[in-house]
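> Turn this into a structure:
(one chain, ligands or ions: 1)
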Amino acid sequence: MGEHVEDLLSAYIDHELDEKDLLVVERHISVCPSCQQELDHLKMIQEEMIRFYQDIEIPSMNFEKAVTAKILNEEVRMVLSYRGFIWFFVLCFAILSVLMYPLFRASFYVGINIGSALVNIFISAFNLAVSLLSTVPNLFGIIGVITFIILAFCSWSVFRLLRIKPVEE
Ligand SMILES: [Zn+2]
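Numbers count the residues shown, from 1 in each chain. So this is what the prediction gives:
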């Protein structure tokens, strides 16, 4: 019967044995129930593996679709939130205008008041952001960057607001 060939069985089912070892294995498993059983077991595992990878092949396509849908969804949501932001800003502006109506009435420089109201909003938001960030120590670099982002965002908001205003009227 010779020695058991368990160590060679994995290479055998992967067709990686040279002719000499192949002959040894084939001869041995034809007479050894133990190694035959081990071989069946290894083949079963291999089939399970193949089935497993085939199974995840189909969901992976679905996964791609799901990701694409998710990205599209995110884009739609970004556009919506962008619009939401613009409307929120317009609403804030309107409320502030109403609150500052006595000032408007008292002054001929309505435009300047609107401008200063906007500036006040920005400064408040900026101060809030800075005070929040200041609670975290040793992050001045990050604070600088975020400050720049906030300023850029505010400028951009005003730009958008100025562009959206004529459409409303
Ligand atoms: Zn054996």
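
> and the longest helix along the chain, what does it pack onto?
Identified as the longest helix of the chain according to DSSP state H is helix 33-99. Judged by 3 or more Cβ pairs under 8 Å, 6 or more residues apart in numbering; DSSP states H and E, helix 33-99 is in contact with helix 6-13, helix 19-31, helix 110-134, helix 140-168. Just so you know, the C-beta spots here come from the backbone N, C-alpha and C atoms, and that holds for glycine as well.

> correct me, but residue 125 touches residue 153?
No: contact criterion Cβ atoms under 8 Å: residue 125 and residue 153 do not qualify, at 9.4 Å.

> can you state the direction angle for the longest helix of the chain and helix 140-168?
60 degrees (axes from the mean of the first three to the mean of the last three Cα atoms, to 10 degrees).

> wait, does helix 33-99 contact the ion?
Yes: using Cβ under 5 Å from the ion, helix 33-99 reaches the ion at 34, 35.

> what's the angle from that helix to helix 110-134?
Computed by the same axes, to 10 degrees, the angle separating helix 33-99 from helix 110-134 equals 140 degrees.

> avg pLDDT for helix 33-99?
For helix 33-99, mean pLDDT rounds to 80.

> Tell me the spacing between the most centrally placed residue in the chain and residue 64.
What sits nearest the mean C-alpha location of the chain, by Cα atoms, centre = their mean, is residue 71, with 8.8 Å. Distance, residue 71 to residue 64, using Cβ to Cβ, to the nearest Å: 11 Å.
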